[in-house]
Every structure is written in structure tokens, then in C-alpha cells.
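Asks: Let's see this in three dimensions:
(one chain, ligands or ions: 1)
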Amino acid sequence: MSTLKVAGFLEHSTVNGEGFRSVLFLSGCLHHCPGCHNPEMQSFEYGDDVPINVILAKIKKNLPLIDGITLSGGDPFEQATSLILLLKEVKALGLSIWAYTGYTYEQLLQEPKFKPMLELTDVLVDGPFIKALKTDTKKYVGSSNQRIFKLLNGQIEKELFFS
Ligand code: SF4
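Replies: Below you'll find the predicted structure:
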């Protein structure tokens, strides 16, 4: 049974993406942004090894309340290969997938191992947190360099702006 290294799980949130969402925090991040909001989650050893079917059951428990799930961390793309199994099941439930990452969209495109996860992602919030660009006014991001893209099959459909 495949597992993911999980740093945390929020049953419901309205601040980690549009609508009502369960949030899965994945351990491990290579970006080391100064001022990181979850520094403990940068470690690939932080958290628990949780079987994918257990995570899926937790998500299912929140149906039909939730609109989707949000992947945060850490950088979820560091566990992209293992995440695919979960994300396919989540999509089959009709739920949307938001993913936060410290990589830019352009950087993700350069790594073939990230492609399947990008193709399953509905909304990507990209780029590292940059302390000097910290914002409290741009919804769903921590710094103004970060962008929110609506994706379709891994391609940018449009950039989203929320107020
Ligand atoms: S990408 Fe996110 S989790 Fe990773 S160091 Fe930057 S702020 Fe922290």
C-alpha cells in the first residue's frame, strides 16, 4: 500500500482556495523560503506515513460538504509520484484539486516527473514565498509574486485573481 508523508490535515477550510475545502499538508520542501509559514514541514521526515486509502477515507467523510481538496505543505510536488494515486480517486469523486508549490509553473514544466500531477491539478498556486513581497491583500497567496492558474490537462487556461 502506497503511503504519503503527511504533515497535517484540515477537515474544512475557506482560506486555502475557493469554496469549502479539505487541506492535506505534505511534508518536504527544497525551497527554504525565509519567513516560510510552515518551516517544520520543510523536513522530509516531519509527520506520519499515512496510507493513501486512509487519506481518501478522511476526504470522503467530508462529502458532500466540500468542493474539493487543497494540497499544501511543504511542497506537494516533492511527493508527486505517490500523490497521483490519491488524486485520481479524488477526481473520480468529482472534487476539484488546488495545489500550492514553491516552484513556478515554468519550472514544473521542465521536470517530466511533475507532468502527471500537473495534469490532475485544477488550480495551481505557484512560486516561492518572498518575504519582501508579502501581501495581505492578494487572496490565497502569501506574496505578490505568487500566481494562481486555472489549469486544464496541465496547460494554463487562465490566470485567476481573487479579491
Ligand atoms: S515553498 Fe512554501 S513550504 Fe516551501 S519553504 Fe517556501 S513557504 Fe515554506
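
Asks: only C-alpha atoms for contact and neighbour calcs from this point on.
Replies: Fine.

Asks: partner strands of the longest strand anywhere in the chain, parallel or antiparallel?
Replies: Counting residues, the longest strand found in the chain (DSSP state E) is strand 3-13. Paired strands of strand 3-13, with direction, are strand 21-26 (antiparallel), strand 48-51 (antiparallel) (DSSP bridges).

Asks: right, so of the ones you listed, which gets closest to the ligand?
Replies: For the ligand, the closest of those is strand 21-26, at 9.2 Å, according to C-alpha to the nearest ligand atom.

Asks: which residue ranges form the helices in the chain?
Replies: Ranges of helices within the chain are 52-61, 80-92, 105-109, 115-120, based on DSSP state H.

Asks: And the ones you listed: which comes nearest Lys131?
Replies: Lys131 lies closest to helix 105-109 among the helices of the chain, at 19.8 Å (C-alpha to C-alpha).

Asks: now check the closest one, is it near the ligand?
Replies: No - for a cut-off given as C-alpha under 6 Å from any ligand atom, helix 105-109 has no contacts with the ligand; the smallest distance is 13.0 Å.

Asks: Identify all contacting residues around that helix.
Replies: Helix 105-109 has contacts (C-alpha atoms under 8 Å, 6 or more residues apart in numbering) with 114-115, 126-127.

Asks: swap in stretch 95-104?
Replies: 17, 31, 66-73, 75-77, 87, 90-91, 120-129.

Asks: Could you tell me how many residues sit around the closest residue in space to Asn153 that isn't next to it in sequence?
Replies: Sequence neighbours aside, Glu119 is the residue nearest to Asn153 in space, at 4.3 Å (criterion: C-alpha to C-alpha, 6 or more residues apart in numbering). Residues within reach of Glu119, counting by other C-alpha atoms under 10 Å, total 14.

Asks: any idea how far Glu119 is from Leu86?
Replies: Distance, Glu119 to Leu86, by C-alpha to C-alpha, to the nearest Å: 13 Å.

Asks: Isn't Val125 up against Gln146?
Replies: Yes - proximity of Val125 to Gln146 meets the contact threshold set by C-alpha atoms under 8 Å, at 6.6 Å.
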